[in-house]
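K.L.:
my questions concern the predicted model and sequence given below.
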Amino acid sequence: MPEKKRPGIVITAVEPNSIAGEIGLEPGDRLITINGRVPRDVLDYQSLADGEDIEVVIERDGESTCVEIEKDEGDSLGLSFGDVVFDGVRQCKNRCVFCFIHQNPKGMRKSVWVRDDDYRLSFLEGHFITLTNLSDEEWKRISDERMSPMRVSVHATDPDVRRRMLKHPDAGNVMDHLQRLFDAGISVHTQIVLCPGWNDGEILERTVHELAEHHPNVISVAVVPVGLTGYRKNLPDLVPVSPELARETIRVVGKWQRAFKFRLGTRFVFLADEFWLKAGMAFPKYTEYEDFPALEDGVGLCRLWDHQWRLARRKLPESLPAPHRVTAVTGELAEPVLRKTVDGLNLVEGLKVELLPVRNDFFGGGITVTGLLTGSDVIRAVKDTNIGDALILPDVMTRQGVFLDDVTLDEVEEAAGAPVLSVETSPAGLINAIFG
């Protein structure tokens with residue numbers, strides 16, 4: 001018989017000198033209610049805890065205690081939690097033809113299998129949602145609490161095409177759903193996963209231009225190429241974006257951008273970095289990404305990295321007091337971008353940085369992005385390799401020290417025979433790891 005889930009929300013941190021600290025709350029305590037209500041998520045918690053003279057019920061070691069707190073309105077309690085959603089993540093009800101989770105091999109960490117389509121995660125953490133699973137109560141809450149901006153996966157505005165791609169009967173009503181958000185004062189960032197033969201060509205043009213008609217309610221459109229692993233047995237036939245299609249997409253989107261810039265004051269539609277890397281073409285200028293509205297979709301990351309590197313390299317020392325040798329890991333796709341940074345670092349006398357581009361054997365197919373590398377891929381790559389003083393990994397590869405394939409940083413460190421440093425995925429993160 002499965003273990004019954006304990007009530008309450010686990011407190012993971014208590015801010016020093018906070019109200020919660022003063023009344024003796026500790027990490028590991030469980031928040032049961034605030035003013036008699038059970039918070040569904042961090043938004044509920046913030047709303048309930050915001051008022052004056054609140055009453056909280058806390059559980060510690062199986063014993064519940066009611067605490068009355070007198071405070072000024074707006075004063076924070078100083079509590080942190082492990083998740084932003086407390087009552088369970090809303091699951092995706094679609095069966096998208098390009099769904100990456102359906103292409104996962106066995107042996108992945110548990111969190112990878114969560115197919116979230118949760119409006120709260122869209123607002124709070126920038127996850128994309130499809131708007132096909134919202135209840136009337138949830139629509140009302142989005143409106144009442146002005147959860148703006150949201151991030152919406154559109155893929156196609158043509159109703160039939162979107163229904164075929166998402167395999168959900170309500171998928172064709174996306175423009176009606178978007179209008180419902182606009183009427184409530186909610187703006188959106190949107191994305192299109194480009195699947196050759198499904199939503200490219202005229203369908204892509206229609207989608208982008210229909211969304212542009214709703215600017216500024218639609219703030220931006222990000223176009224990303226479909227990601228295909230080597231595990232697509234019994235899944236719909238899809239082909240990757242070819243270098244030729246990447247170049248053609250860059251050409252037509254560039255034309256649209258120029259027209260939108262003149263008409264709307266923004267380029268509006270932006271292509272993921274993968275298009276430029278696949279095409280073998282130079283990235284747009286830094287200013288052409290405007291305020292980088294779609295970094296989460298891999299749009300502009302390489303240009304931003306280059307910009308940050310140009311600023312950071314000015315502060316590098318001319319030499320090191322003692323020789324230092326490290327190895328930096330990257331995915332195959334980002335190798336050209338990282339190569340320029342590594343070459344610059346190696347101008348520092350006494351420093352040797354080896355760049356280790358790692359092939360993704362775990363997923364197979366055409367997966368080349370750094371964030372999808374696994375621990376087993378890294379272990380294979382470092383075998384019989386002279387790592388030097390440390391192995392540097394970008395933090396996009398792990399969550400809480402665990403790779404997608406459930407391999408830990410400690411296991412990689414043992415295989416590498418050298419300290420492993422998981423660093424912020426930025427030039428500053430790399431530089432700090434090297435120079436301390």
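P.N.:
Arrived safely.
K.L.:
next, give phi and psi for F275.
P.N.:
phi -60, psi -50 (degrees, to the nearest 10).
K.L.:
list the contacts for the nearest residue to it once chain neighbours are set aside?
P.N.:
Excluding its sequence neighbours, the residue lying closest to F275 (C-beta to C-beta, 6 or more residues apart in numbering) is A246, at 4.7 Å. In short, each C-beta sits where N, CA and C put it, glycine included. Neighbouring residues of A246 by C-beta atoms under 8 Å, 6 or more residues apart in numbering: P225, E274, F275, W276, K278, A279.
K.L.:
chain neighbours aside, what residue packs nearest to the first one?
P.N.:
Spatially, and ignoring its direct neighbours in sequence, P225 is nearest to V241 (3.9 Å; C-beta to C-beta, 6+ apart).
K.L.:
state the number of residues packed around the one you found.
P.N.:
By the criterion of other C-beta atoms under 10 Å, V241 has 25 neighbours.
K.L.:
could you dump the contacts of A246 into JSON lines and include pLDDT?
P.N.:
Below are the contacts of A246 laid out as JSON lines (pLDDT from 0 to 100):
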{"residue": "P225", "pLDDT": "96"}
{"residue": "E274", "pLDDT": "94"}
{"residue": "F275", "pLDDT": "97"}
{"residue": "W276", "pLDDT": "95"}
{"residue": "K278", "pLDDT": "93"}
{"residue": "A279", "pLDDT": "95"}
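K.L.:
just the ones of the residues you listed in strands?
P.N.:
With strands defined by DSSP state E, the entries of these inside them are P225.
K.L.:
just the contacts of A246 now: which is nearest L421?
P.N.:
E274 (26.7 Å; C-beta to C-beta).
K.L.:
OK, contacts around that closest one?
P.N.:
For E274, counting by C-beta under 8 Å, 6+ apart, the contacting residues are V224, P225, V241, A246, G298, L333, V369.
K.L.:
out of the contacts of A246, which end up buried?
P.N.:
Using 16 or more other C-beta atoms under 10 Å as the burial test, the contacts of A246 include P225, E274, F275, W276, K278, A279 as buried.
K.L.:
with distance to V420 added, can I get the contacts of A246 in a markdown table?
P.N.:
Conversion of the contacts of A246 to a markdown table gives the following (distance: C-beta to C-beta, whole Å):
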| residue | distance to V420 |
| --- | --- |
| P225 | 31 |
| E274 | 27 |
| F275 | 32 |
| W276 | 31 |
| K278 | 30 |
| A279 | 34 |
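K.L.:
returning to what we had before: wasn't the residue nearest to F275 part of a strand?
P.N.:
No: with DSSP: H, G, I helix; E, B strand; the rest coil as the criterion, A246 is assigned helix and is not in a strand.
K.L.:
wait, G21 touches L77, no?
P.N.:
No: using C-beta atoms under 8 Å, G21 is not in contact with L77, being 9.4 Å away.
K.L.:
the more surrounded of those two?
P.N.:
L77 (24 against 15).
K.L.:
helix, strand or coil for the closest residue to the more buried one other than its chain neighbours?
P.N.:
In this structure, L77 finds its nearest non-sequential neighbour in A20, 4.7 Å apart by C-beta to C-beta, 6+ apart. Of the three states, A20 takes helix according to three-state DSSP.
K.L.:
can you check K71 too?
P.N.:
coil.
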